[in-house]
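> what follows is a protein structure lacking sequence information:
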């Protein structure tokens, strides 16, 4: 005896009583509340450690510590509201020369160190990606400069660049590396590149590890040499990882403080950066101008990050991948509903 099964017909529902279809990628009210609850601790921490200090610094930058006379004619110290005077002094006031020098030093250190670190880090990644005896030892040794604290690294290089240090013994000449002059800039650049080039190298190596070996085998069969594989396969496929690594290093180099501070010392015109200038102003109890320097540095870093992301397309937050996954999900839902 054979039985046959038939699909039950769907009950007819008038058009006015049919529930509205959800748009692909849309969230219900309950999902939105759950997302808000899960994100609220992170947003609260960000508000405490980022938003509040930023707003407080912006408010403090509108005041200046100026002595004056009280109603009895005695000298009284206190903060006076000066508006944007602390910012205008950075360009045309007494602090203009020092500010422009610190801005130039910060930009010079950022461009020079990040460029050298990118080239050296890429070379390190290419070396570590090859199969040879002792590769594990090389990878472990490259981690050492990155693992050393910056203050300790600064002291180490300060001893190296002393007048009777190893650097002068190697070159056979006595150079005052830790005094004023371009040699102080060169010392900071060498120490910074030595410490942070492994960071870019390790990130680029992680990007190289996910490239399928079959791609290189097909290129070798087609007669592509090592340089052709580097330019046509390796660099294009590691470009997203490399851009993110360079962006992180740019933002870190723009805030450079501890390495030149420990190596060369404060108050040195050759190596003074915006962070060091803000610290010096706050150390002199000039909190208004120090806050102005900090706000300018914050805007500078934000501008560089926005320009870098917009022009070079660094996918820092993985938005491109999320966009592709979201589009694929909408396609699958559309096919299921049709």
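Ah, there it is. Please read all numbers here as calculations on a predicted model, not as lab measurements.
> run a quick neighbour tally on residue 229.
Counted with other CB atoms under 10 Å, residues neighbouring residue 229 total 15. Any C-beta I mention is one placed from the backbone N, CA and C, and that applies to glycine too.
> what's the helix or strand for it?
Following DSSP states H and E, one finds residue 229 within helix 226-229.
> ditto for residue 293
Of the helices and strands defined by DSSP H and E, residue 293 is found in helix 287-312.
> list the buried residues in the helix or strand just after the helix holding residue 229.
Downstream of helix 226-229, the next assigned helix or strand under DSSP H and E is helix 235-254. Neighbour-count burial for helix 235-254, counted by 16 or more other CB atoms under 10 Å, picks out 237-238, 240-250, 252-254.
> return the distance of helix 235-254 from the chain's centre.
Here the centre of helix 235-254 is set off from its chain's centre by 9 Å, with CA atoms, centre = their mean, to the nearest Å.
> so which residues make contact with it?
106, 109-110, 113-114, 117-118, 121-122, 125, 192, 196, 199-200, 203-204, 206-208, 211, 274, 297, 300-301, 304-305, 308-309, 312-316 (CB atoms under 8 Å, 6 or more residues apart in numbering).
> and the angle from that helix to helix 287-312?
170 degrees (axes from the mean of the first three to the mean of the last three CA atoms, to 10 degrees).
> so what touches whatever helix or strand comes next after helix 235-254?
Next along the chain after helix 235-254, taking DSSP H and E as the criterion, comes helix 258-263. Residues outside helix 258-263 that contact it (CB under 8 Å, 6+ apart) are 109, 150-151, 153-155, 157-158, 161, 178, 187-188, 191-192, 195, 268, 271-273, 276, 279.
> so what's residue 267 closest to, chain neighbours aside?
Spatial nearest neighbour of residue 267, chain neighbours left out: residue 280 (6.9 Å); criterion: CB to CB, 6 or more residues apart in numbering.
> just the pLDDT for residue 78.
The model reports residue 78 with a pLDDT of 66.
> again but with residue 133, I slipped
pLDDT, residue 133: 75.
> how many other residues sit next to it?
6.
> cool, residue 277 as well?
28.
> narrow the contacts of helix 258-263 to just the buried residues.
109, 150, 153-154, 157-158, 161, 178, 187-188, 191-192, 195, 268, 271-273, 276, 279.
> narrow the residues you listed to those in helices?
109, 150, 153-154, 157-158, 187-188, 191-192, 195, 276, 279 (DSSP state H).
> poorly predicted segments of the stretch 1-150 of the chain, please.
With pLDDT under 70 as the threshold, the stretch 1-150 of the chain has low-confidence stretches at 1-29, 66-78, 131-132.
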